[in-house]
Structure formats: structure tokens, C-alpha cells
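# Requesting a structural model of the entry that follows:
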Amino acid sequence: MSGSPPPTGGFVRRVGLFQATAINMSQMCGIGPFVTIPLMVAAFGGPQAVIGFVAGALLALADGLVWAELGASMPGSGGSYVYLRQAFQYRTGRLMPFLFVWTAMLFIPLIMSTGVVGFVQYLGYLAPDMGRTTGDLIGLGIVALVVILLWRGIEHIARITAVMWAVMIASVALVIVAAATDFSAHLAFTYPAHAFELTSSHFWIGFAAGLTIGIYDYLGYNTTAYMGAEIKDPGRTLPRSIIFSILGIMAIYLLLQIGTLGVIDWNRMTDPGDIASTSVASAVLEKTWGKGAADTVTVLILITAFASVFTGLLGGSRVPYDAARERVFFRPYAKLHPKHRFPMLGLATMGVITAIGFLIGRHTDLATLIQLLTTVMVIVQALAQIVALSVMRKRQPGLRRPYKMWLYPLPSFLALAGWLTIYGYADKNSPGRHPIEWSLAWLALGCIAYVLWARFEKVWPFGPKEITEEYLTAPAPAPDAEPAGA
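Numbering: from 1, shown residues only. Next up is the predicted model:
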């Protein structure tokens, strides 16, 4: 049986392959690598930290293939919400999509808040006398500016994103080129004793911490999947945008990591009093090309950080929309702006949570914040979505699949192993913080909220499951048809 996306609920398909890839890459390569290179070095205890970025890339690629198949076959707004709704409706009704939206409303803004923390951190290089209160106010202003810029039509946003993508490429390229002009192989490839001692528990705890940081740096490869209802020819564009962005960012990260380690002694990156521990890219430019060049590139890095928050809230704000439209989340989130057709309440809510997360991140440890947000998303999104892929192949074999996972199910198993490693070592990498306990507590609270909501809405287990298979039954549009909603 052939099928295709259902009506997009008012969204307009105007985002093509280049813009979609740019959106993903801008979200992936924001401030992340510039603030986590020192964290990665500290986790591994030396320049062998490059292992973390390679492992993160492999996990992102394996998980990205899960997103690619699901996104191509079910390109609705909301990403995981759509996939979990379709896969788990047969046994648990609306429970899984409700829990996903419940957790996404927390972890997506928390990811964006780390970008704002990094923005203020690098701004400190240009303004070393900036006080904590001033930094807090600047960060809150950045969040407000992002929300204001997103308060407009998608066609304008796509153009803004393309410009920001160019700035992002320029900033990382300049750091990579600068590092190449003063590169020391001795610094980059001289490892401490027992760096690769695979029988040591210390190595594997460091590896798990590095994998967590690495996948955090790659997060964003799925941004366009949340915007499936706004993507041109989603059956081809979504998988390509995911795969192209992961491969492109992997190459950039490896050049950036190795180049940085070849200029700055890794011991400086682990010294809290050294500028290399907070603004390592600026330190690279200052050492190679001087203070003026470092200041200029730092400005580009700030723009890159802003772009990552911008694109993250762009995609994330779409998550509660489809759920609310299908009566799986609070109904006011289903309302679009009357003129520009974007989800107003979703954008506003995530903007507020981003601001709160930024303030929390400013007064805690960034590595711990990354650990917390990662464990929150693992159970209901990462693991559940891997299961959803197999469930959909069994439940809806006739579903139109423009893209099917290569070497299925091997990538699913690799992704599953990676996410379980991150989750299993979470408490060991954050002593005293208990991220596993917090993630389980948030999930339990979501289950309670679902029971109360389901009783009010009279849905399963207090009513019928209401099975819908719209992606299985909708007619396929002509390849050159007008964009949906045009």
C-alpha cells in the first residue's frame, strides 16, 4: 500500500535541502565544541579525548539513520511525537507521545540554555571584567532576542538561518586554519601513560563521560525532523539533511579537536584559572594570529552560538503543536499565529524554560547540566524511538518508506548500546548529582500527569485507544506538486 504525509495543519513546505542541512548544522555546531573541548580533555585526561568525538559521531550516525527512516515515512511537525504516537498507539494509546512531549518541553530548552551559557562564557573573553549579574542579564536578553526573531514566517527564518550557517562555517574554518599554522604534532599526539588501558575502569568511565559530551555536541542532527511539515519533498530531503549534516560536522569536529590540541597544551584546558579552559578557541587564535584576530573570531563564535539557540528553538517549538492538535497535549499549544503560521505558545514556553535553564547553568557545572539533560531524553526519546522503528516495520509494513535504514537492524543495535552506555554511567560521571534518579522522577511525574489528563480527556486507559494510521492511508502527492499549504 502507498501512503504519504497527511495535511500539514497550516504549515507551508518551503525549506529545501540546503536550508534543511544548514538548520541542522547550525544547531549541531553552535557553541558546543568550543566549550566542550576542555570538558572532553578533562574526561579522558589527555589528548586521546579525540576518541570521544569519534564515538559521538558514530552514535549520532547510527541514531540518525533511525531518525532518517522515521522522518521520511512520517514527516509531520513534532518529530518523535509523531513516530511514538504511531508506533505505540496499539498497546498504550497516547501514553508514549504524551510522555515525549512532557520530557521534550524540558530537555530541548535545557539544551538551548547550554548554548546561552556558552555564549556568555565566550563573551567573557571580550569583556574580562564582566560581572556575574551582567552576564546573567545579557544571557536573558539573548533568549528574548531569539524569541523575537522567531516571531515571524518560516520563509524569513530560512533566509536568516542560511546567513548564520555561513558565519558558523567561517568561525570554525578560521579556528581550524589558525591551528594549522602553528600545529605541533608533539602536543596533539603525545599521550599520558595508560591512556589506552582498556582493562581499566577509569578508561571506561572517562569514555562514557566523553560519549555523553560527544553526543551532546552532535545533537541537532534531527532538528529538521521536528519540522517535517515544513520540508520540501521530505522523503528525500529529511534523510539527506540528517546524514549530510552529521558527516559534515564530524569532519569539522575532528579537525577542530586535533588542531586545538596541537596548539594549546591539554593541561591548560583543565586548569580553571586558564583562559583555555573557558575560551579555548580564542586562546588558539590569540597564540597563533594575535589578540586582534582572537577578538574577531570570538565575535563569529558568539554569532554561531546565537545561531544554534535560534535553530534549536525553531525546531523545538514545533514539538507540542502536533500533539496539541491531536489532543495529546494541552490544547492551547495547537494554535498557530494567524499571519505567520508558527506555534506561538510552544515558542513562548520554550523561551521561558530556556531562560530558566540558563540561570541554572550559570550557577552550576556545565558538564553536570549536560549529563542531566541527556539522561532526561534517553528513555522516552532515544530508546523508545529505536523500538518504534521496529514496531512500525511490523505494524505497518505497507507504509510508504522513501528511505529505509541501511544494514537494518545493525545501526539500531549500535544506537541502543550507545544510549545505554550514556545512561548507565550517568551517576558515576556526576557524583552527588544523581541524574538517573532525577530522570526517573521526571518520568514518574509525567506518568501521573498523563493519568490525570487521560481521565479528563476520557482516553486510554479511561477510554478507547483511537487507532489512527493516517500516514498509511493518505494519498501520495505528485513529485512536482505545490508545497502543502501554499
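# Poorly predicted segments of the stretch 351-486 of the chain, please.
Where the stretch 351-486 of the chain drops to pLDDT under 70, the residues are 432, 473-486.
# all helices for it, in order.
Using DSSP state H, counting those that start in this stretch, the helices assigned to the stretch 351-486 of the chain run over residues 366-377, 384-395, 410-424, 426-429, 435-457, 470-473.
# now do the stretch 1-150 of the chain
Going by DSSP H, counting those that start in this stretch, the stretch 1-150 of the chain shows helices at 17-28, 32-44, 50-73, 80-92, 95-126, 132-150.
# contact partners of the shortest one?
Same thing as helix 17-28. By Cβ atoms under 8 Å, 6 or more residues apart in numbering, the residues outside helix 17-28 that reach it are 15, 158, 161-162, 164-165, 168, 217-224, 227, 231-232, 236-238, 240-242, 244-246, 248-249, 304, 307-308, 310-312, 314-315. Backbone N, C-alpha and C define where each C-beta goes, glycine included.
# Sitting in helices, which of those do you find?
Using DSSP state H, the subset of those located in helices is 158, 161-162, 164-165, 168, 217-218, 236-238, 240-242, 244-246, 248-249, 304, 307-308, 310-312, 314-315.
# Show me the shaky parts of this structure.
Checking the chain against pLDDT under 70 turns up 1-11, 153-159, 161, 340, 432, 473-486.
# again, only using 50
Within the chain, the stretches with pLDDT under 50 are 1-7, 477-486.
# My guess is residue 380 contacts residue 97. True?
No. Under the criterion of Cβ atoms under 8 Å, residue 380 makes no contact with residue 97, lying 9.6 Å away.
# These two: which has the busier surroundings?
residue 97 (28 against 25; other Cβ atoms under 10 Å).
# and residue 384, how many neighbours does it have?
For residue 384, the neighbour count with other Cβ under 10 Å is 20.
# what sits against it?
Contacts of residue 384 (Cβ under 8 Å, 6+ apart): 80, 84, 88, 96, 100.
# could you redo the last one with a cut-off of 7 Å?
84, 96 (Cβ atoms under 7 Å, 6 or more residues apart in numbering).
# rewinding a little: nearest to residue 283 among the helices of the stretch 351-486 of the chain would be which one?
Nearest to residue 283, of all these, is helix 366-377, at 17.4 Å by Cβ to Cβ.
# Tell me the buried residues in the closest one?
Buried residues in helix 366-377, counted by 16 or more other Cβ atoms under 10 Å: 366, 367, 368, 369, 370, 371, 372, 373, 374, 375, 376, 377.
# residue contacts, the third one?
Residue 368 is in contact with 430, 433, counting by Cβ under 7 Å, 6+ apart.
# Let the chain start at 511 from now.
Okay, using 511 as the starting number, the last item reads as residue 878.
# Tell me the spacing between it and residue 529.
35 Å (Cβ to Cβ, to the nearest Å).
# And the first one, by the same measure?
Look at residue 876 and residue 529: by Cβ to Cβ, they are 30 Å apart.
# starting at the chain centroid, how far to stretch 627-638?
Computed by Cα atoms, centre = their mean, to the nearest Å, the chain-centroid distance of stretch 627-638 equals 22 Å.
# same question, stretch 770-783
With Cα atoms, centre = their mean, you get 27 Å for stretch 770-783.
# Enumerate residues external to that stretch that contact any of its residues.
By Cβ under 7 Å, 6+ apart, stretch 770-783 touches 547-548, 551-552, 556-557, 689, 692-695, 697-698, 784, 786-787, 790, 793-794, 797-798.
# let's see it at 6 Å
Applying Cβ atoms under 6 Å, 6 or more residues apart in numbering, the external contacts of stretch 770-783 come out as 547-548, 551-552, 556-557, 689, 692-694, 697-698, 784, 786-787, 790, 793-794, 797.
# got it, and stretch 821-830?
Outside stretch 821-830, the residues touching it (Cβ under 6 Å, 6+ apart) are 533, 536-537, 587-588, 591, 611, 614, 618, 622, 656, 660, 671, 733, 736-737, 839, 843, 853, 856-857, 860.
# CA atoms of stretch 715-730 as PDB?
Output of stretch 715-730 as PDB, limited to C-alpha atoms (Å, rounded to 0.1, in the frame of the first residue of the first chain):
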ATOM      1  CA  ILE A 715      34.100   5.900  33.000                       C
ATOM      2  CA  GLY A 716      36.000   8.500  31.000                       C
ATOM      3  CA  PHE A 717      34.800   7.000  27.700                       C
ATOM      4  CA  ALA A 718      31.200   7.200  28.900                       C
ATOM      5  CA  ALA A 719      31.600  10.800  30.000                       C
ATOM      6  CA  GLY A 720      33.300  11.600  26.700                       C
ATOM      7  CA  LEU A 721      30.500   9.800  24.800                       C
ATOM      8  CA  THR A 722      27.900  11.900  26.600                       C
ATOM      9  CA  ILE A 723      29.800  15.100  25.800                       C
ATOM     10  CA  GLY A 724      30.300  13.900  22.200                       C
ATOM     11  CA  ILE A 725      26.600  13.200  21.500                       C
ATOM     12  CA  TYR A 726      25.700  16.500  23.100                       C
ATOM     13  CA  ASP A 727      27.900  18.200  20.600                       C
ATOM     14  CA  TYR A 728      26.200  16.400  17.700                       C
ATOM     15  CA  LEU A 729      22.600  17.000  19.000                       C
ATOM     16  CA  GLY A 730      20.700  18.900  16.400                       C
END
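# Alright, that wraps it up for me.
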